[in-house]
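In: Please work out how this folds:
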Amino acid sequence: MVLKKILSGVLGLSLLLGGTNFAFAKDGTTSLDSIKKKYTNATVEKVTEDIITISGEDTEKIVAELLEKYKEEGEKELISNTSNNGGITTLGASICTKECSDAFRYDQKDSKNVYATSMSQVQGYHWNNGKVHWTSVAGSGIGKWTGSGTAQWIKIDQKLAYSGVAVSISWPAGFSVTSDSKVATYNGEKRYGTNVHAVTFNNGSASSWISLGKATLDTTTTVRSPQGYDYRTTAVATID
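Out: The predicted structure follows:
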């Protein structure tokens with residue numbers, strides 16, 4: 001088994017990390033209480049087992065650290081599985097221990113509509129052992145109001161999709177499958193009285209014995225301005 005080589009660098013993933021250490025529980029899961037204590041300029045809520053929303057001044061710092069943590073956890077799980085021959089052949093296990101990071105994919109895209117901006121980030125591990133896999137698929141959508149005053153509300157909706165044939169998919173909790181079985185959506189709630197709002201998710205995966213290509217995340221941000229006008233913009237990030 002040969003791991004698919006990385007197609008592009010990890011653009012912007014470590015931006016805004018600022019050398020800080022994120023707060024996680026002893027079992028490796030995110031501790032929301034610790035996050036709230038560390039980042040006092042943000043509102044953090046766990047919507048489902050896999051979805052966290054953030055708003056306020058520290059939003060982008062929290063998102064960046066969450067994605068980095070999800071990346072680390074994904075590689076540890078991949079190495080653990082291969083070492084135990086749980087998903088890759090014995091030969092593959094040896095390669096993965098050295099080169100799991102070569103299977104990592106990340107993309108970030110931004111879009112703007114006057115004073116509303118949308119950022120879409122998606123990441124995951126793409127590998128195969130005859131059967132092709134996406135594992136530890138995670139992402140975020142960040143919406144901002146950059147005009148004067150404070151936005152009345154910001155709403156983020158996401159669409160996660162895979163390309164391939166005979167694909168078996170495990171969606172992050174909170175995403176709803178559409179009429180196309182390879183596409184699922186998350187419709188966010190309006191967040192009032194903030195100029196930056198984000199939605200993050202984790203634990204997506206997919207596999208196929210035939211073909212499994214791109215994973216795409218559309219992030220649509222809708223912002224209602226202080227004057228009552230709605231601005232909508234969509235950013236599309238894709239990994240392969």
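
In: mind listing what's buried in stretch 120-138?
Out: 120-129, 132-138 (16 or more other CB atoms under 10 Å). Just so you know, the C-beta spots here come from the backbone N, C-alpha and C atoms, and that holds for glycine as well.

In: Quick one: name whatever helix or strand follows the helix or strand harbouring Y186.
Out: Element membership for Y186 (DSSP states H and E) is strand 183-187. As assigned by DSSP H and E, the chain's next helix or strand after strand 183-187 is strand 191-192.

In: other SSEs contacting the helix or strand just after that next one?
Out: Next in sequence after strand 191-192, counting helices and strands by DSSP H and E, comes strand 196-208. Contacts defined by 3 or more CB pairs under 8 Å, 6 or more residues apart in numbering; DSSP states H and E place strand 196-208 against strand 51-56, helix 59-83, strand 132-145, strand 153-165, strand 168-170, strand 211-224.

In: Please repeat the previous calculation with a cut-off of 6 Å.
Out: Packed against strand 196-208 by the contact rule (3 or more CB pairs under 6 Å, 6 or more residues apart in numbering; DSSP states H and E) you find strand 51-56, helix 59-83, strand 132-145, strand 153-165, strand 168-170.

In: if you average pLDDT over the first one, what comes out?
Out: When the per-residue pLDDT values of strand 51-56 are averaged, the result is 96.

In: just to revisit the earlier point, can you lay out the helices and strands packed on strand 196-208 as JSON lines showing distance to S34?
Out: Shown next, in JSON lines, are the helices and strands packed on strand 196-208 (distance: least, CB to CB, whole Å):
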{"stretch": "strand 51-56", "distance to S34": "13"}
{"stretch": "helix 59-83", "distance to S34": "11"}
{"stretch": "strand 132-145", "distance to S34": "19"}
{"stretch": "strand 153-165", "distance to S34": "24"}
{"stretch": "strand 168-170", "distance to S34": "27"}
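
In: Highest mean neighbour count across those, which stretch is it?
Out: Among the helices and strands packed on strand 196-208, strand 132-145 has the highest mean neighbour count (mean count of other CB atoms under 10 Å), at a mean of 25.

In: mind saving the C-alpha coords of it as CSV?
Out: Provided in CSV are the C-alpha atoms of strand 132-145 (Å, rounded to 0.1, in the frame of the first residue of the first chain):
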residue,chain,number,x,y,z
VAL,A,132,-10.0,3.9,-0.3
HIS,A,133,-10.6,5.9,2.8
TRP,A,134,-11.3,9.4,4.1
THR,A,135,-10.8,9.4,7.9
SER,A,136,-10.9,12.1,10.6
VAL,A,137,-12.6,14.5,8.2
ALA,A,138,-13.1,17.8,10.0
GLY,A,139,-13.8,21.4,9.1
SER,A,140,-15.0,24.8,10.0
GLY,A,141,-17.0,27.7,8.6
ILE,A,142,-16.2,31.3,9.9
GLY,A,143,-18.5,34.2,9.1
LYS,A,144,-17.7,37.8,9.7
TRP,A,145,-19.3,41.3,9.4
